[in-house]
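Novice: Here is the input, now give the coordinates:
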Amino acid sequence: MKISQEIRKRPVFKPWDRHGLILTTVGVSYILISIVLLLSDQSTSGLSNVKDILAVAPYPYWCGALIVVGCASILSAILNSIPRTLGYVVLTGWSTFWAGVHIIGGLSYPMDLSYVSLGMIWALMAFLWWAISGLLSPPKEKEDPP
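Specialist: A predicted model of the protein is given here:
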């Protein structure tokens, strides 16, 4: 009974800080990127390194998954019931997955070694999400005098 009363007293939204800004910005960016990818002509993308992954699920599915990742990031930034670490875990996991897809796909098709560098960029992003998640949000730089 005491726990349910404490949950009711807790605010729905988290206070806004730098982690909230990062997670919201990335989430909105991922959603917008996915929409652009869905609206683009998929036959001219020429991503031969993702042919294997497209055998698992069609292109729109992967764009939808990116939208889910973006939404999870945003929700973890603003809702008190979802820890911010969940947003960073989802971003790190998604980036690690795509790093593997691009590196393995690029090495599988020797004419597309440039995709290995794309995989390394995704791996760098995965590292950054992991590293940023452990940083403390700084206090407000300047407070108004009383």
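
Novice: Now do the phi/psi pair for the nearest residue to residue 78 once chain neighbours are set aside.
Specialist: In space, and not counting its chain neighbours, residue 78 is closest to residue 13: 5.6 Å by CB to CB, 6 or more residues apart in numbering. Using the backbone N, CA and C atoms, a C-beta is placed for each residue, glycine as well. Main-chain dihedrals, residue 13, degrees, to the nearest 10: phi -100, psi 150.

Novice: For residue 13, give its distance to residue 107.
Specialist: Separation of residue 13 from residue 107 (CB to CB, to the nearest Å): 45 Å.

Novice: Which one's more surrounded, the two?
Specialist: Higher neighbour count among residue 13 and residue 107: residue 107, with 14 against 10, using other CB atoms under 10 Å.

Novice: Let's check: the centremost residue of this structure is which one?
Specialist: residue 91 (3.3 Å; CA atoms, centre = their mean).

Novice: Now do the SS call for residue 115.
Specialist: Under DSSP: H, G, I helix; E, B strand; the rest coil, the three-state class of residue 115 is helix.
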